[in-house]
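Peer 1: missing the sequence, but the structure's below:
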């Protein structure tokens, strides 16, 4: 059976459409990491087990109204571990919580990361409450 | 795809021996059937062994082909007849024995893994913070109680599936719960848990229950199984792609992740750079071979070696390497299972006789008893709910389920709970981690309750008594606190910290001589503890 006939035959049944959708997702999600994902630290759904990025180490520091935040008293250590892998969405979520808990006060985020396969990086914002996305 | 090589064909009886051509009419032959030659295709129209001419010596290739044809002819016909197009997907078959063994092993491992995840429950909802992997699930994120109860339910359902009981219902429910627990928080973003979720989704479409009258070698047709192999191949392919960079190929990334015995072995043999290349090549080869029956002979030993190697490392990936090894049962050549499993199991009985109901009630009683002695948080409540669900399911589906099988599976499920509970520190770790996080997050009352429960279920663990003792001293319950520290010293005689905590408390009370004696004891039980030496020196008169 040629490939076109193969695909047509697949498309003609719900099982075939399920297979095609499943394969499409398995193609698109990893490709999304390489082509579109804004956060290189977020390797979910890309099958990048034991990748060099997994070996990156970040140090995330928050301050509220210029006062450093003891993250261990605000967040479970498992979240701090994820934050120290530099995952943007978690850092943004932590900043959002600090903004909610401290209305009207600026929440600064400063992250330094070291990588195996690229130069060290620094990112963050002076006030995550006004600029919530990294 | 199907080969167009012309092969002989003819009817045969299920069970092995080719039928005489004259004994039954030849079934209609379709174009698809004509393509069924390779090992990847269903055997709905098996090849007929062709007798070679007597006057010509046979080549080794011809002998091999003839042997393969005979082998195929000896296998039973698929009970489902010719497969629809595309045969690659809809004609994929494995022997029933293989599916059975894989079902038992994989789902039993998943059940154990689910129970071992319970210790992580305290991080869910801690501090009122969560970030969901899927934003839709932010509002539905599980807290500590729902997470641990969810894992208990998962373990229960996985055992039912492993036993082949209610698989059509238990598996989709388990998949939904697993997906909810996984996608509702970034706390679990392990890629192997994502793989388990995908496998569960696919597994919902695999016919895990024994087809009527099936023997060990009866082929079971499943497009979902083919998809599972393809999923594994895609995983290996993308994993290899992620390693095609200098940081991996020069061994740096692997070097940072390999420690212990395996690292020593690598260093003494091929070196870390060689190992990095070997892993990449292995993944590429597996991507190319794991989905194709004809190349399983390559994929099976390579995959088993790769995952056994991962198992030997100190990587914190739980039972994942074991699970992958379990999945490789599906990659072993079919003939392995056909040879080892010849017995024909008895048919299940699905009637609802009084005896079977009595058996179910007895199983329920045993289950409730085991749930009651379980040390898992809310284990008893989950056990009661599970029993009620089984009774309802049996009443509703009594013509479609084997009550006896369900009763056995129910008892086994709680047996697995009990085995994991009593042979691991999962339950006490749950309370230890809960107590620790509550303390750090400024909730000493909850922390005290957690450590108190830990001391109840694990009185021989030093940690619970030590932490509880410290908390009690902090809130002024001195007598009880000191008593807990003494218990910690009794059960952990080689740990200095309980002695140190008592010495510090004595010092704050002005009982310097007693504090010095206790600090001295600390230096004796742990001579290398710098904190103990420092405290003793600070207490001694200058």
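Peer 2: Yes, it's here. All values derive from a computational prediction rather than experimental measurement. Numbers count the residues shown, from 1 in each chain, chains lettered A, B, ... in the order given.

Peer 1: Show me where chain B dips below the pLDDT cut-off.
Peer 2: Applying pLDDT under 70 to chain B picks out residues B:1-58, B:64-65, B:68-80, B:314, B:316, B:339-352.

Peer 1: Which residue lies nearest the spatial centre of it?
Peer 2: residue B:110 (2.9 Å; C-alpha atoms, centre = their mean).

Peer 1: ok, that one to chain A distance?
Peer 2: Between residue B:110 and chain A the computed distance is 19 Å (C-beta to the nearest C-beta, to the nearest Å). All C-beta spots, glycine's among them, are computed from the backbone N, C-alpha and C.

Peer 1: surely that residue meets residue B:158?
Peer 2: Yes - counting by C-beta atoms under 8 Å, residue B:110 touches residue B:158, with 4.5 Å between them.

Peer 1: What sits closest to residue B:431 if chain neighbours are left out?
Peer 2: Once flanking residues are discounted, residue B:431 sits nearest to residue B:454: 3.7 Å by C-beta to C-beta, 6 or more residues apart in numbering or on different chains.

Peer 1: Would you map the strands across chain B?
Peer 2: B:93-95, B:219-221 (DSSP state E).

Peer 1: For the residue nearest to the centre of chain B, list the residues it contacts.
Peer 2: Counting by C-beta atoms under 8 Å, 6 or more residues apart in numbering or on different chains, residue B:110 touches B:154, B:158, B:196, B:323.

Peer 1: Buried among these? Make that a PyMOL selection.
Peer 2: In PyMOL syntax, the buried subset of the contacts of residue B:110 is picked out as below (16 or more other C-beta atoms under 10 Å in any protein chain shown):
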select buried, chain B and resi 154+158+196+323
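
Peer 1: In helices only, show me the contacts of residue B:110.
Peer 2: Counting by DSSP state H, the part of the contacts of residue B:110 found in helices is B:154, B:158, B:196, B:323.

Peer 1: Out of those, which two are the most distant from each other?
Peer 2: Greatest spacing in the ones in helices among the contacts of residue B:110, by C-beta to C-beta: B:154 and B:323 (13.9 Å).

Peer 1: how close does the most centrally placed residue in chain A get to residue A:48?
Peer 2: Closest residue to the average C-alpha location of chain A: residue A:42 at 3.5 Å, with C-alpha atoms, centre = their mean. Distance, residue A:42 to residue A:48, by C-beta to C-beta, to the nearest Å: 10 Å.

Peer 1: Show me whatever sits in contact with both of the two.
Peer 2: residue A:33.

Peer 1: and the worst-scoring helix or strand of chain A on mean pLDDT, what does it pack onto?
Peer 2: Of all helical and strand segments in chain A, the minimum by mean pLDDT, DSSP states H and E falls on helix A:3-11, at a mean of 90. Judged by 3 or more C-beta pairs under 8 Å, 6 or more residues apart in numbering or on different chains; DSSP states H and E, helix A:3-11 is in contact with helix A:14-35.

Peer 1: I'd like the distance between residue B:177 and residue B:206.
Peer 2: 18 Å.

Peer 1: swap in residue A:58?
Peer 2: Going from residue A:58 to residue B:206 by C-beta to C-beta gives 41 Å.

Peer 1: ok, which stretches of chain A are strands?
Peer 2: A:57-64, A:67-68, A:107-114, A:121-125.

Peer 1: Same list, these, but as JSON lines with mean pLDDT, distance to residue B:518 and mean neighbour count please.
Peer 2: Formatted as JSON lines, these follow (pLDDT from 0 to 100; distance: least, C-beta to C-beta, whole Å; neighbours: other C-beta atoms under 10 Å in any protein chain shown):
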{"stretch": "strand A:57-64", "mean pLDDT": "95", "distance to residue B:518": "38", "mean neighbour count": "18"}
{"stretch": "strand A:67-68", "mean pLDDT": "95", "distance to residue B:518": "36", "mean neighbour count": "10"}
{"stretch": "strand A:107-114", "mean pLDDT": "96", "distance to residue B:518": "43", "mean neighbour count": "19"}
{"stretch": "strand A:121-125", "mean pLDDT": "93", "distance to residue B:518": "47", "mean neighbour count": "15"}
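
Peer 1: Quick one, which of these gets closest to residue B:232.
Peer 2: So among the strands of chain A, strand A:57-64 is nearest, using C-beta to C-beta, at 31.0 Å.

Peer 1: Listing partners with orientation, what would you give for the closest one?
Peer 2: Applying DSSP bridges to the sheet, strand A:57-64 is found paired with strand A:67-68 (antiparallel), strand A:107-114 (antiparallel).

Peer 1: what sits up against it?
Peer 2: Residues contacting strand A:57-64 (C-beta under 8 Å, 6+ apart): A:41, A:68-69, A:71, A:80, A:83-86, A:91, A:94-95, A:98, A:102, A:105-114.

Peer 1: got it, and stretch B:519-527?
Peer 2: Outside stretch B:519-527, the residues that touch it by C-beta under 8 Å, 6+ apart are B:493-497, B:499-500, B:503, B:529, B:532-533, B:535-536, B:539.

Peer 1: got a list of what residue B:418 touches?
Peer 2: B:370, B:373-374.

Peer 1: go with 10 Å
Peer 2: Contacts here follow C-beta atoms under 10 Å, 6 or more residues apart in numbering or on different chains; on that basis residue B:418 touches B:369-371, B:373-376, B:379.

Peer 1: and if you look at residue A:105?
Peer 2: Residue A:105 makes contact with A:63-67, A:98-99, A:127, A:129, according to C-beta under 10 Å, 6+ apart.
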